[in-house]
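>>> coords below, sequence missing:
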């Protein structure tokens, strides 16, 4: 089976940096991705890590350590609009990338 | 990346009835994926829909309850049959982007069964 663990809630101050962790257990691991979902909205893709290391996309960065079965999403210069739920997702095949989503972390950015 | 039009955006249905959700993609895709997201929960894959073949269902989901059609490479429907209040959820279709390795989702259908 597969399991992914994320903190359920995180609160951070506007302008600060926040890290959302994800640990996983899965067979045939291929990659780790991250999605953002605002209340009432659909998930939107943020990043994908297929290799160990840090991937940076603007204010967002994502990290993967395959040996530790661990990854994180780093959000810098937090803005109020970053308040949303963030899901990590594990891919376990190299074909069409069927994924399993984590439980999600609700981020609240406060002034 | 692909753009997906999903409808209806929301509906309130009587128990025992069925609702068909449609997704139209602006480009041809081999596979389309249907997810369910119960209130405050994560996304759970219902089935994978290939054009020209029967959908592949995940554990806990059956064709009689969630029949899927995939008549061509840009369109798919999911029907939620014989609905009960437990079917109240958000239903999402999605396609995979082989360039970004990410999924693009439709806007979702918020279903309430009363």
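All right, it came through fine. Everything quoted here is computed from the prediction, not taken from an experiment.

>>> only C-alpha atoms for contact and neighbour calcs from this point on.
OK.

>>> can you show me the strands along chain A?
A:3-5, A:9-13, A:18-25, A:31-37, A:44-49, A:53-57, A:60-65, A:70-75, A:84-91, A:99-101, A:105-110 (DSSP state E).

>>> figure out which of these is closest to residue B:70.
strand A:99-101 (20.7 Å; Cα to Cα).

>>> wait, what's in contact with residue 108?
You didn't say which chain, so I picked chain A. Contacts for residue A:108 (Cα atoms under 8 Å, 6 or more residues apart in numbering or on different chains) come out as A:9-12, A:82-84.

>>> you answered for a different chain; I wanted chain B.
Taking Cα under 8 Å, 6+ apart as the test, what residue B:108 contacts is A:41-42, B:6-7, B:9, B:90-93.

>>> show me what the nearest residue to residue A:19 once chain neighbours are set aside bridges to in the sheet.
Distances taken as Cα to Cα, 6 or more residues apart in numbering or on different chains put residue A:74 closest to residue A:19, at 4.5 Å, once the chain neighbours are dropped. Residue A:74 has these beta-bridge partners by DSSP bridges: residue A:19, residue A:61.

>>> pretty sure residue A:74 sits against residue A:57.
No: taking contacts as Cα atoms under 8 Å, residue A:74 lies outside contact range of residue A:57: 10.2 Å.

>>> residues from chain A in reach of chain B?
By Cα under 8 Å from any Cα of the partner chain, the part of chain A that sits against chain B consists of A:33, A:41-48, A:87, A:96-97, A:100-104.

>>> in three-state terms, label the residue of chain B most remote from its centre for me.
Distance from the C-alpha centroid of chain B, by Cα atoms, centre = their mean, peaks at residue B:99 (22.6 Å). Recorded secondary structure, residue B:99: coil (DSSP: H, G, I helix; E, B strand; the rest coil).

>>> how about the residue nearest the centre of chain B, what does it touch?
Centrality entry for chain B: nearest residue to the mean C-alpha point is residue B:34, 3.4 Å, by Cα atoms, centre = their mean. Taking Cα under 8 Å, 6+ apart as the contact definition, residue B:34 lies against B:45-49, B:78, B:91-94.

>>> ok, what's across the strand from it?
residue B:47, residue B:93.

>>> distance between the ends of stretch B:97-114?
From its first residue to its last, stretch B:97-114 covers 36 Å (Cα to Cα, to the nearest Å).

>>> show me which of the residues of chain A next to chain B are buried.
A:33, A:42-48, A:87, A:97, A:100-104 (16 or more other Cα atoms under 10 Å in any protein chain shown).

>>> which one in these is the model shakiest on?
Among these, residue A:97 has the lowest pLDDT, at 66.

>>> up against chain A, what does chain B have?
Applying Cα under 8 Å from any Cα, we find that chain B lies next to chain A at B:31, B:41-45, B:92, B:96, B:98, B:100-108.

>>> now the buried members of those residues.
Neighbour-count burial (16+ other Cα under 10 Å) applied to the residues of chain B next to chain A gives B:31, B:42-45, B:92, B:96, B:101-108.

>>> how about residue 38: what's its closest non-neighbour residue?
The chain I'm using is chain A. Nearest residue to residue A:38, sequence neighbours excluded (Cα to Cα, 6+ apart): residue A:84, at 4.6 Å.

>>> looking at chain B here, not the other one
Counting by Cα to Cα, 6+ apart, residue B:38 lies nearest to residue B:89, which is 4.5 Å off, once chain neighbours are set aside.

>>> no further questions, thank you.
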